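> everything below, folded, please.
(2 chains)
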Amino acid sequence: MGKNYIILSMKEKQIRNFCIIAHIDHGKSTLADRLIEKTQTVSSRELQDQILDSMDLERERGITIKLTPVRMYYTKDGTEYELNLIDTPGHVDFTFEVSRSLRACEGAVLVVDAAQGVEAQTLANVYLAIDNNLEILPVINKIDLPSARPEEVRKEIEDIVGIDASDAPLVSAKEGINIEQILDQIVDKVPPPNGDVNAPLKCLIFDSYYDNYKGAVCLVRVLDGEVKAGTRIKMMASDRVYDCVEVGIFNPKPTPTKSLCAGDVGYIAASIKAIAETAPGDTVTDADDPTAEPCEGYKEVQPVVFSGVFPVDGSRYNDLKDALERLKLSDAALFYEPEVSAALGFGFRCGFLGLLHMEIIQERLEREYNLDLITTAPGVTYKVHKTNGEVVTVTNPCNLPPATVTAYIEEPVVSAEIFTPPEYIGSIMELCQDKRGVFSDMQYLDSNRVKMKYTMPLSEIVFDFFDGLKSRSRGYASLDYELSGYEKSDMVKLDVMLNGEVCDALSLIIHRDKAQARGRALAEKLKEVIPRQLFEIPIQAAIGGKIIARETVKAMRKDVLAKCYGGDVTRKKKLLEKQKEGKKRMRQFGSVEIPSEAFMSILKLDDK
Amino acid sequence: MNKIGIYIHVPFCNGKCNYCDFVSGVYSDEIKAEYFDKLSAEINDFDFSDYMIDSVYFGGGTPSSVSAEKIADILDLLHKKSAFVDDPEITVECNPESLSSEKCAVYKSSGVNRLSIGLQTATDSLLRKIGRLHLVQDFITVLDQAEKYFDNISADLMLGIPEQTPVDVKRAVNLLAGRNLKHISAYSLKVEEGTPLAASGFTPDEDYSADLYEIVSQMLFDYGYKRYEVSNFAFGGYECRHNLRYWKRGEYKGFGLAAHSFVKNERLANTADFTEYFSGTRQVFSQYIDPKGKDAADETLMLALRTSNGLDLKEYKSSFGIDLIEEKAEQIELLKDFVEISNGRLRLKDSGFYVMNDIIVRLTV
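All right, here's what the predicted structure looks like:
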């Protein structure tokens, strides 16, 4: 026993758990690759660029979504250290995931671009790290660039972030310059984990993923105690008990080990059926010798953007259900519940952390699960105060109480920060005003970078704001936002009627001032995308029964195979078969057939 | 013995019209000679013992572009091989530039009793535009000659030719109906891939084609013609039997390049490739259609709705076990502006003929 204790405690001192914080294009993934290469965690032949971004989607977008920890070994002054790199997602939608991974670390490498300097978006994550008592190690990257100004940037870090940057390494991840300095500082400056290996087991789940053979696998930071195959483990939030089958580390591929001890970062597999049972933020303990208190900070994430998701082929409802269940296993932030639409049939109302999260989920459903989807216009959560004093939250426009029983409606607002070169200020201000934004502040960060602050309804950001921002700034402007609360607002329900019937999947909650223009744009777009049919189709947009726009899809006049040459019936049959197939892709709504694309095409509209 | 229709494909023309994607073209006399040898061989190899020939249709290409004796030889051969009904309908498709009194005389003596002449349009500038080899006057001249030999003459019209106006269409209808032709076909032009017309970038305006079709239909009704099929109009008793056989799912056997057949519940097609045909390969497609199956039911409905007679609902039910009135009640109600049920038959109304594809799909899906 005693001997065992000494070995483990020595080992503890040689562990360093850290993450990398960087602005989206400041070279985080390249730096991670370099660290892995330097510590020979994988042979250079195996080294694919940007190992950590394992999903195709992440590679294509150059962003990190899933957290993938990697263990590296580095020898300094004759001692071998175990360095655990815990990657963090870079996008605002995933702040919650960032905070989870931060709590598994003792240090953070802050990467700053030597040419661009400190970016405001990075600050939120830096402060999050400071709040979690992490040691911040600034690193100035891209010193190989001709425009690099490392000394100015060093000062900027001290002025803006407010930390000592006097011995921040000057590196080039791309060229592999001074990478050892970072590794040395991680060893010297990041404190070793301070858990007690003899205390009852206490692990923080900071992520989980689904493996076809092992079931739901938890990624954990062991705070106290030791876990190995055979340990009866318990999830403290759910009280469920499992037999641990395998523990291991990421090297960077999952590699089984004998045990994980206090301070370690690794995985636990316990034949857990569903991801939902491995909620990130939950605490794993020993069922037979439980820890007294779970890790703090476990909270249910709140989705802020909602959208209906339906299979194009209605018979694939169960496939969609399975796919969402699977995704939910590795993505605690995904919310979904069954929804039935008169126009779209059976599907789900899904909740997301933000627009990027929504896009990612939709893309994963389509790519990884091979589903064709129809998604309805994204919306937000409204608080409807009824005349009887009751307050209901509404995420689906179809559930909006009628105006007659509504006292007032509140909508979520965000404080938005827009960063842009100064030449685009004018047109961005116009866009923000158009999106009901209220200007609060503007600041020149330097001569070619301005920060504008707006208070803006979330629903406006959700509807086509990014594209507008990008097109008005030739792609230069960027946006960061966080929910700041709810405000009273004059919202109405905009309905679209096809052949006189309200098509539920097209309903929207929208500000009264914008309803007229949107209604017109919607009707015009639908006229374009709904093909002519046997019957004339009136398209109307209405607010509370009042028609505000009208278009008509004229009846089809010619749909005939005039000639059947020399008795070639087979050709005629083939053409009709094709038409039948086309019909199957249509949504039958009363006597109207709506192509699946129609529902998607209205997600991007020009209101003017 | 069952009645059968015979289709003979003559893939030769004096020139290729710019909208045409049929298996046809301009070929040497040697190739024509070899083709008719192989055609005769194919006819010789067919077992006619179960059949009586009810109709023969020489289509193309332009059957009138080859010597009339070749047509007569084929008819002789058919008579040698098979029994005929007492009053068979025997049609030859002709174009004005290659028809003559002499040819008519030979046709007549070999048993031909019906001509179908391609006029397409009665406006010279349009005829030139689409690459036809004749002018309006040529048509009138050959019609004068042909009427001396034949009572049963049909002419083809084409709707939706680039720059064709309602005036052009009316002129053509007046010309044909004014001559009391017994039968008139009116097809809307379809732009087929790979044709010079398609290459020119022309896309027909479907609404405009529909307008022209309505004009033609109404004029022909006023002249006393009946529409017995979506594209075919005739005086009573002059409906094309060979044509109707297709819509009634009667048996027919096609000989020659790219010819189609429906015999003994099989749909068959010949090769469209000369070399292949000359080397002895004929049939390249066959599909058995279960006479009680869904496929046969769909074919029956799809073909019957093309005709003004429509679909016999009782027969349909007893043949396929499908009670359309019951099973498609909702669709039939929805389609009430386009279809009607009377005397146990489901028929398209006038409004339904030109949009029948969607109606057929709704009733068979």
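
> which residues touch residue B:156?
Shown in contact with residue B:156 (CB atoms under 8 Å, 6 or more residues apart in numbering or on different chains): B:116-120, B:184-187. (C-beta placed from N, C-alpha, C; glycine too.)

> got phi/psi on it?
Main-chain torsions, residue B:156, degrees, to the nearest 10: phi -100, psi 140.

> how close does it sit to residue A:401?
65 Å (CB to CB, to the nearest Å).

> ranges for the strands of the stretch 51-200 of chain A?
Counting by DSSP state E, counting those that start in this stretch, the stretch 51-200 of chain A has these strands, from start to end: A:70-76, A:79-86, A:107-113, A:135-141.

> what mean pLDDT does the first one have?
Spelled out, it's strand A:70-76. Here strand A:70-76 scores 87 as its mean pLDDT.

> go ahead and name everything in contact with that strand.
By CB under 8 Å, 6+ apart, the surrounding residues in contact with strand A:70-76 are A:32, A:35-36, A:38-39, A:41, A:51-52, A:80-85, A:87, A:183-184, A:186-187, A:249-252, A:265-266.

> and chain B, which of those contact it?
When CB under 8 Å from any CB of the partner chain is taken as the criterion, no member of these contacts chain B.

> which of those residues are buried?
A:32, A:35-36, A:39, A:41, A:51-52, A:81-85, A:87, A:183, A:186-187, A:249-252, A:265-266 (16 or more other CB atoms under 10 Å in any protein chain shown).

> tell me which entries of these lie within helices.
Of these, the ones assigned to helices by DSSP state H are A:32, A:35-36, A:183, A:186-187.

> how about the residues you listed in a markdown table, adding distance to residue B:105 and pLDDT?
Below are these laid out as a markdown table (distance: CB to CB, whole Å; pLDDT from 0 to 100):
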| residue | distance to residue B:105 | pLDDT |
| --- | --- | --- |
| A:32 | 93 | 84 |
| A:35 | 98 | 88 |
| A:36 | 94 | 84 |
| A:183 | 105 | 94 |
| A:186 | 106 | 95 |
| A:187 | 110 | 94 |
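
> of these, closest to chain B?
Comparing these against chain B with CB to the nearest CB places residue A:32 closest, at 53.2 Å.

> wait, that closest one sits on residue A:86?
No - applying CB atoms under 8 Å, one finds residue A:32 not in contact with residue A:86, separated by 10.5 Å.

> where does chain B get nearest to chain A, which residue?
Closest point on chain B to chain A, by CB to the nearest CB, is residue B:210, at 3.6 Å.

> excluding sequence neighbours, find me the nearest residue to that residue.
residue A:557 (3.6 Å; CB to CB, 6 or more residues apart in numbering or on different chains).

> if I look at residue A:366, how far off is chain B?
27 Å (CB to the nearest CB, to the nearest Å).

> near the nearest residue to that residue once chain neighbours are set aside, how many other residues are there?
The shortest distance from residue A:366 to any non-neighbouring residue, by CB to CB, 6+ apart, is to residue A:373 (6.1 Å). Residue A:373 has 22 neighbours, counted by other CB atoms under 10 Å in any protein chain shown.

> would you map out the domains in the chain?
Reading this off chain A. Domain assignment for chain A, taken from automatic domain parsing, gives A:2-189, A:202-286, A:305-375, A:382-489, A:495-601.

> actually, chain B is the one I wanted.
Annotated domains of chain B cover B:2-247, B:294-364 [automatic domain parsing].

> up against chain A, what does the stretch 151-300 of chain B have?
B:187-188, B:190, B:206-207, B:209-211, B:213, B:230-231, B:246, B:252, B:254, B:258-262, B:267, B:269, B:285, B:287, B:298-299.

> mind checking which of those are in strands?
Members of those lying in strands (criterion: DSSP state E): B:187-188, B:252, B:254, B:260-262, B:267, B:269, B:285, B:287.

> which of those residues sit farthest apart?
Farthest pair in those (CB to CB) is B:188 and B:287. Separation: 28.1 Å.

> neighbour count for those two, which is higher?
Neighbour count, other CB under 10 Å: between residue B:188 and residue B:287, residue B:188 has more, with 25 against 13.

> quick check, central residue of the chain?
This is for chain A. residue A:357 (3.0 Å; CA atoms, centre = their mean).

> that answer is for a different chain, and I need it for chain B
Taking CA atoms, centre = their mean, the centroid of chain B lies closest to residue B:243, which sits 5.9 Å from it.

> my guess is that residue contacts residue B:229. True?
Yes - using CB under 8 Å, residue B:243 is in contact with residue B:229, at 6.7 Å.

> how about the backbone phi and psi for the residue nearest to residue A:366?
Torsion angles, degrees, to the nearest 10, at residue A:373: phi -120, psi 150.

> so which bits of the stretch 501-608 of chain A are right by chain B?
Within the stretch 501-608 of chain A, the positions adjacent to chain B are A:533-534, A:556-570, A:572-573, A:575-576, A:579-580, A:583-584, A:591 by CB under 8 Å from any CB.

> can you do 10 Å?
A:532-535, A:554-573, A:575-584, A:590-591, A:593 (CB under 10 Å from any CB of the partner chain).

> alright, that wraps it up for me.
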